[in-house]
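Engineer: take a look and give me a structure for this.
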Amino acid sequence: MVTDAQIVDQASDEAAAVIMAHREGLAAWRGITNKLRNFLEDAEITEENHASMSRSITAGVDAQIKVINAERKAYNLDSEEGNKTVDDLSSLMDSLSQGA
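Structural biologist: Numbering: from 1, shown residues only. Got it, this is the predicted structure:
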């Protein structure tokens, strides 16, 4: 017979696996958007390609915004706990920079 604790543990493990898969997917998408950004930074905009470059830039910005928003959700950066974590990291970085 499966206990309540085992059910909770299994559900927790499965939820953690889903969250990790989301984070891995987002990391891959961040890499793709960064590659597009790098390409667009190096590309020359000409009379012949300006329309397609404009669409590519718009698509790249949209993709980057979506990835950032999804990452913020995946890492709980906009929740009270996430804000506390960010604040704690900021405080630590400040104290380290003052000590250097």
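
Engineer: quick one: mean pLDDT for the helix or strand containing S90?
Structural biologist: Assigned by DSSP states H and E, S90 belongs to helix 80-99. Mean pLDDT, computed over helix 80-99, is 70.

Engineer: check stretch 65-72 too.
Structural biologist: Rounded mean pLDDT across stretch 65-72 is 91.

Engineer: check which residues of it are buried.
Structural biologist: Buried residues in stretch 65-72, counted by 16 or more other CB atoms under 10 Å: 67, 70-71. For the C-beta atoms, the positions are set from N, CA and C on the backbone; glycine is no exception.

Engineer: immediately after the longest helix belonging to the chain, which helix or strand?
Structural biologist: Under DSSP state H, the helix in the chain containing the largest number of residues is helix 4-42. Using DSSP H and E, the next helix or strand after helix 4-42 towards the C-terminus is helix 50-74.

Engineer: what packs against that next one?
Structural biologist: Contacts defined by 3 or more CB pairs under 8 Å, 6 or more residues apart in numbering; DSSP states H and E place helix 50-74 against helix 4-42.
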